[in-house]
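In: 3D model of this:
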Amino acid sequence: QLQLVESGGGLVQPGGSLRLSCAASGFFLGSYVIGWFRQAPGKGREWVACITRGSERTRYADSVKGRFNITRDDPNSIVYLQANSLNAEDTARYYCAIDARRNGWCVEAMGEYQYWGQGIQVTVSS
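Out: Numbering: from 1, shown residues only. Here you go, the predicted structure:
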């Protein structure tokens, strides 16, 4: 079982920034496509961003494009989501997930990701 652990969430003021981390437990995260998703209270889980193996490609939801940046630190087996210019609509629980079937592309569909972390809360409020 591939286990992921998210960290870096918390309370931030509008316009602020956070860096979320997704770390692997007991395996090399660099071998996998990684996606970030989020779920706001009362809403469904939505795709935020994804990154392929070797950082060849990154993709972003329109709602975060230009504000969020997904990167990976393969030697340390961590994937980051840098979230800037945060607003109240970004308040959600953020999850990272593994797509173990793809290499050179990453997708938005939640069902294509097989392993999930427990999530980390991000609250944007003054």
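In: How about the secondary structure of the residue nearest the centre of the chain?
Out: Geometric centre of the chain, nearest residue: W36, 2.5 Å, by Cα atoms, centre = their mean. Secondary structure state of W36, per DSSP: H, G, I helix; E, B strand; the rest coil, is strand.
In: thought it was touching T71?
Out: No. In this structure, W36 is not within contact of T71 by Cβ atoms under 8 Å, at 11.3 Å. (C-beta placed from N, C-alpha, C; glycine too.)
In: hmm, back to that, what's near enough to touch the residue nearest to the centre of the chain?
Out: 20, 22, 47-50, 70, 79, 81, 94-97 (Cβ atoms under 8 Å, 6 or more residues apart in numbering).
In: Residues that sit against both of W36 and T71, list them.
Out: V79.
In: A49 - how many residues pack around it?
Out: For A49, the count of nearby residues is 24 (other Cβ atoms under 10 Å).
In: Outside of the helix or strand hosting it itself, list whatever touches it.
Out: Here A49, judged by DSSP states H and E, is contained in strand 45-51. Strand 45-51 is contacted by residues 33-39, 57-61, 64, 68, 70-72, 79, 81, 94-95, 99, 106-110 when judged by Cβ under 8 Å, 6+ apart.
In: Of the contacts of W36 - the most surrounded one?
Out: C96 (32 neighbours).
In: Which of the three states applies to it?
Out: Once three-state DSSP is applied, C96 turns out strand.
In: list the contacts for it?
Out: Applying Cβ under 8 Å, 6+ apart, the residues near C96 are L4, E6, L20, C22, I34, G35, W36, F37, V79, L81, W116, G117.
In: Recalculate using a threshold of 6 Å.
Out: Shown in contact with C96 (Cβ atoms under 6 Å, 6 or more residues apart in numbering): L4, E6, C22, I34, W36, G117.
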